[in-house]
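Asker: build me a model from this:
(chains A and B)
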Amino acid sequence: MSTLVLAIFIPFLAAALIPFLYKYLKNIHVGWFVILVPTGLFIYLASLIPTISSGEAIVQTMNWIPSYGIDITAYLDGLSLTFALLISGVGALVILYSIYYLSSKEPIGTFYTYLMLFMGAMLGVVMSDNMLVLYVFWELTSISSFLLIAFWYQRKRSREGAKKSLIITVSGGISMLVGFIMVGTMANTWSIREVIANVSAISEHALFIPAMLLVLLGAFTKSAQFPFHIWLPDAMEAPTPVSAYLHSATMVKAGIYLVARFTPVFGGEAVWFWAVTGVGIFTLFWGSFNAVRQTDLKALLAYSTISQLGMIMSMFGMGSAALHLGYSNESMVYTGATFAALFHLVNHSTFKGALFMVVGVVDHSVGTRDIRRLGGLITLMPITFTIGTIGSMSMAGLPPFNGFLSKEMFFVSTLEITEASFFGLGTWGIIIPIIAWVASVFTFVYSTIFVVKTFLGPYKEEKLEHPAHEPKPGMLVSPIVLGLLVIAFFFMPNVVGNHLITPAMSGIFPTFAAGGADFGTYIHAWHGFEPELFMTIGVVLFGVFLYFTRKYWSGVYNLFPEKRSINVFYGFVLDQIEDKSTVVTNKYMTRYLRDYMVYIFAFFILVIGGTFILTGAYRFTLPENAPVSGFEWFVVLAMAVAAITILFAKSRLTAIVLNSILGFGIVILFVLFRAPDLALTQTIIEAVTTVLFLVAYYFLPEMEKEDAPKKQKSVNLLIAIGVGVVFTAVALGVQGNKVFDTISTFFENSYELAGGKNMVNAILGDFRAFDTMLEVVVLLIAGIGVYTMIRVKAKKESDQVEDK
Amino acid sequence: METLVTILAGVLVTVATYLLLSKNLIRVIIGTAILTHAAHLIIMVVSGLKTGSVPIVGEGDPVDPLPQALILTSIVIGFAVTAVSLVLAYRTYQEVGTDKLDELRGDPDE
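Answerer: Residues are numbered from 1 along each chain as shown, chains lettered A, B, ... in the order given. As a prediction, the model looks like this:
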């Protein structure tokens, strides 16, 4: 197996091993073993940077279902590598952090199993070239996210958050699958690279736009874009390392990855531009607007994440405009947005990861993350404060932190897009920078709230569960590393730019790369008194103003209270679906055997009988009949009469005597049909069955007359006759149309082959002896069942347990 | 003969279906037993009736032995099914106090 494919599967292998490590190594925190996996992967992936940044892509294939063109193809280009490094790098830091965050008393074996499952799935998403394989990994990330959110499943809110995230992301995933199938059918391949190479062949297809919208639905649900963002705040019930890892740094960026990956396919269309940019920019605004009024630090960060994801999304949308124009010097301007999106993606993972970890530290230390109870932690937790401030300022877009650089690039992009004259941008384009600027003001406000409310102001120990103190040094290592990266990326942005983002750009704009475009953007911290700098200054001034006057604005922030939110609508729809389907299900699931039998028989009559009538395929020729003697007539008629009389039998004794008449009638028929073995067996069995019935009667009540309603009875009769007629028709039809010769001539040599002159016995005891042996096993099981049911009584205590 | 026995099997199936739809457990069990009889008859019929002698080597041209072997297996299994159903009915009656299927529905909230 190739190393790259192996890299995807190593986390899965680790997930399988962790339970055993956890069970047998009691003294060491199992996280110390788990951390080796992402660290190793990170080093391996980092060693590939030189290859990738020189413009090459690594492709390795492992066959899976070659007959359907579904193979596990690991494809690593700049875009995949950027994501893969984030997944393994942040993963290693998060696991290090979790070692101190989660005590060994928690079921950490399960925790790390889920986490490794997620890591493998996420690597699979970003490295798969095959759309169907990508889909499988995509859903696996949803499932592992579900398991991790519900890690503290004793809490109701955890379970509900997990359920909500699963419902929303999986429904999006399924629509994405439909989109993939459309794309695959149009392009006649499952490989994304081949689809991109043949994009001109499919862009005129009628399914092109539907496929685009379906794929986007998957991306938007996963990346918590408006109006699907409601699952992300609820997902904050997960342990903080999970929030830092899945719900800010990696999994929620899968949707962004998908948009980036499919930009060369769908980009350049007006629908794509407006859908991605519009949803993104509105999500940016909505997230930051809602973040301001949150009182829970994690909820604040959740809305902040929604907002930042919207911002990245909108930049990918604006960048796609370049593909509309084709490769030229003017269109290169728009690719700057995509460059900024990728850069901000990396930056966001660093500062938001650090912030989540800071919240975790605070929560761990004082036992609450409610900003109304927090305050004044600066002197008691100075290191935590420093990291928190670095993260917040980067989030607000201030220098000297990496968020400033990407925020400025974002402003530049929004300004440039207003100058475009296509897609109706001449009229509507001006909205984009305005919303972007307003949202950035809110971003500044909530970033300030985050720092000031937590660390400044009076220290209120009486409201805290524990007195504040710095945690163990080990817990601070990961946030410190991320905090340092936030600063390092500010001073050395071009290290990231040249080695990761530029090669990633070639993957997003393959036609440009083929045309010899140079994506090497040099990132400046200072580029003179340009409009974007004034926008930042405006954000700060206005943000400070809004922060200090915010009590006058609370009416504005509460314009959309909880009872009018999408959450309530979501809950309402879900309740309605549940109620209505319960009503429908209860209509036909009556818990009455007769009704279920009616469904089965009605299906039989309609499908078999209906097919005969509709297709006209039924052919019936009377078989060459053997002659019937008078005695045979008598037996057959006697049986028919006995059978019908059973229906009118008033006592159970009559019924069982009539049933015996049927049984012994069959015996006589067997004799007539030259089947002595059958006749003998049937005689014995019939006698024993009759005795068995009589014994059972001793314990059972007298058979009462059927007092079912008249209508029900006539339905029963109708169905019974219908089944009988269809059965007879099939049986007669079969006899007239012999297609194959009998295989029974083989058994006529039974004496030579099996040493038995009685062919039937030879078949049972020799030719099909295994069959007979299993039949004996069935009898044995039936015997055990009979014995158990008669002898073993349920204990009284166990009854009570069941009742609970 | 074949047509006659086929029709007989059809009658048996009709009766068995009607019994299966009733609400008394004993009737349902008798219904399954009759259905087994019908199945045996139809297997015999399909291979042709009275086309030769008994399937024993040296007795002349035999009838098809394979259906007979299948039916022999089926008779025994059918007996096992009847026995288990009867005991199940007995235990159900003991535990619940009724042998009516419509009364065995239980409480919808459980």
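Asker: what about whichever residue of the stretch 301-450 of chain A sits closest to chain B, is that helix, strand or coil?
Answerer: Closest contact between the stretch 301-450 of chain A and chain B, by Cβ to the nearest Cβ, is at residue A:302 (37.8 Å). Heads up, the C-betas are built off the backbone N, CA and C, glycines and all. Following DSSP: H, G, I helix; E, B strand; the rest coil, we place residue A:302 in the helix state.
Asker: quick one: contacts for the closest residue to it other than its chain neighbours?
Answerer: Once flanking residues are discounted, residue A:302 sits nearest to residue A:233: 4.3 Å by Cβ to Cβ, 6 or more residues apart in numbering or on different chains. Residues near residue A:233 by Cβ atoms under 8 Å, 6 or more residues apart in numbering or on different chains: A:299, A:302, A:303, A:306.
Asker: after the helix or strand hosting residue A:233, which helix or strand is next?
Answerer: Taking DSSP states H and E as the definition, residue A:233 sits inside helix A:231-234. Next helix or strand after helix A:231-234 toward the C-terminus (DSSP H and E): helix A:240-244.
Asker: and that following helix, what's its mean pLDDT?
Answerer: Mean pLDDT, helix A:240-244: 90.
Asker: centroid-nearest residue for chain A?
Answerer: For chain A, residue A:139 is the residue whose C-alpha lies nearest the centre (Cα atoms, centre = their mean; 3.4 Å).
Asker: how near is residue A:229 to chain B?
Answerer: Residue A:229 sits 37 Å away from chain B when distances are taken as Cβ to the nearest Cβ, to the nearest Å.
Asker: skipping adjacent residues, who's closest to that residue in space?
Answerer: Nearest to residue A:229 is residue A:306, by Cβ to Cβ, 6+ apart, at 4.5 Å.
Asker: didn't that neighbour look like it was pressed against residue A:283?
Answerer: Yes: with contact defined as Cβ atoms under 8 Å, residue A:306 counts as touching residue A:283 (6.1 Å).
Asker: residues shared between the contacts of the two?
Answerer: Going by Cβ under 8 Å, 6+ apart, residues that sit against residue A:306 and also against residue A:283 are A:224, A:225, A:226, A:229.
Asker: any chance of those residues in CSV, plus neighbour count and distance to residue A:449?
Answerer: Converted to CSV, the shared contacts of residue A:306 and residue A:283 look like this (neighbours: other Cβ atoms under 10 Å in any protein chain shown; distance: Cβ to Cβ, whole Å):
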residue, neighbour count, distance to residue A:449
A:224, 30, 21
A:225, 32, 24
A:226, 21, 22
A:229, 26, 20
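Asker: I'd like these as a markdown table, with secondary structure and pLDDT appended.
Answerer: As requested, the shared contacts of residue A:306 and residue A:283 are exported to a markdown table (DSSP: H, G, I helix; E, B strand; the rest coil; pLDDT from 0 to 100):
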| residue | secondary structure | pLDDT |
| --- | --- | --- |
| A:224 | coil | 91 |
| A:225 | coil | 92 |
| A:226 | coil | 86 |
| A:229 | coil | 89 |
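Asker: so, low pLDDT: which residues of chain B?
Answerer: Scanning chain B for pLDDT under 70 picks out the ranges B:107-110.
Asker: redo that, cut-off 80
Answerer: Within chain B, the ranges that satisfy pLDDT under 80 run B:51, B:105-110.
Asker: which residue ranges of it form helices?
Answerer: With DSSP state H as the criterion, chain B has helices at B:2-20, B:25-46, B:65-96.
Asker: need the ones you listed in TSV (columns: distance to residue A:244).
Answerer: As requested, the helices of chain B are exported to TSV (distance: least, Cβ to Cβ, whole Å):
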stretch	distance to residue A:244
helix B:2-20	61
helix B:25-46	61
helix B:65-96	55
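Asker: residue A:116: which of those helices is closest?
Answerer: helix B:65-96 (47.1 Å; Cβ to Cβ).
Asker: give me the nearest residue to the residue of the stretch 401-550 of chain A found nearest chain B, chain neighbours excluded.
Answerer: Residue of the stretch 401-550 of chain A nearest chain B, by Cβ to the nearest Cβ: residue A:465 (40.7 Å). Closest residue to residue A:465 apart from its sequence neighbours, by Cβ to Cβ, 6+ apart: residue A:367 at 2.7 Å.
Asker: is it true that that neighbour touches residue A:464?
Answerer: Yes: using Cβ under 8 Å, residue A:367 is in contact with residue A:464, at 6.2 Å.
Asker: what about these two, which has more around it?
Answerer: The neighbour comparison of residue A:367 against residue A:464 (other Cβ atoms under 10 Å in any protein chain shown) goes to residue A:464, with 18 against 13.
Asker: show me the contacts for that one.
Answerer: A:366, A:367, A:368, A:373, A:374.
Asker: for residue A:532, same thing?
Answerer: Residue A:532 is in contact with A:408, A:411, A:412, A:415, counting by Cβ under 8 Å, 6+ apart.
Asker: how close does residue A:726 get to chain B?
Answerer: From residue A:726 to chain B the distance is 9 Å (Cβ to the nearest Cβ).
Asker: tell me the confidence at the nearest residue to that residue once chain neighbours are set aside?
Answerer: Spatially, and ignoring its direct neighbours in sequence, residue A:726 is nearest to residue A:609 (4.7 Å; Cβ to Cβ, 6+ apart). Per-residue pLDDT puts residue A:609 at 90.
Asker: which residues does residue A:59 bridge with?
Answerer: residue A:75 (DSSP bridges).
Asker: the closest residue to chain B within the stretch 451-600 of chain A: how many residues sit nearby?
Answerer: Closest approach between the stretch 451-600 of chain A and chain B, counting by Cβ to the nearest Cβ: residue A:591, at 4.0 Å. Close neighbours of residue A:591, defined as other Cβ under 10 Å, add up to 15.
Asker: so the nearest residue to residue A:284 once chain neighbours are set aside is in which element?
Answerer: For residue A:284, ignoring the flanking residues on the chain, the nearest one in space by Cβ to Cβ, 6+ apart is residue A:310 at 3.7 Å. When elements are assigned from DSSP H and E, residue A:310 belongs to helix A:297-319.
Asker: residue A:161: what secondary structure?
Answerer: When classified by three-state DSSP, residue A:161 comes out as helix.
Asker: need the contact list for it.
Answerer: A:149, A:150, A:231, A:234, A:235, A:236, A:237, A:238.
Asker: centre-most residue in chain B?
Answerer: Closest to where the C-alpha atoms of chain B average out (Cα atoms, centre = their mean) is residue B:36, at 1.7 Å.
Asker: give me every residue that touches that one.
Answerer: By Cβ under 8 Å, 6+ apart, residue B:36 lies in contact with B:74, B:75, B:78, B:81.
Asker: check residue A:127 too.
Answerer: Contacts for residue A:127 (Cβ under 8 Å, 6+ apart) come out as A:4, A:7, A:8, A:74, A:75, A:76, A:80, A:84.
Asker: and residue A:313, by the same measure?
Answerer: Contacts of residue A:313 (Cβ under 8 Å, 6+ apart): A:223, A:225, A:255, A:256, A:259, A:276, A:277, A:279, A:280, A:283, A:341.
Asker: one more time with 10 Å
Answerer: Contact analysis of residue A:313 by Cβ atoms under 10 Å, 6 or more residues apart in numbering or on different chains lists A:216, A:219-220, A:223-225, A:255-256, A:259-260, A:275-284, A:341.
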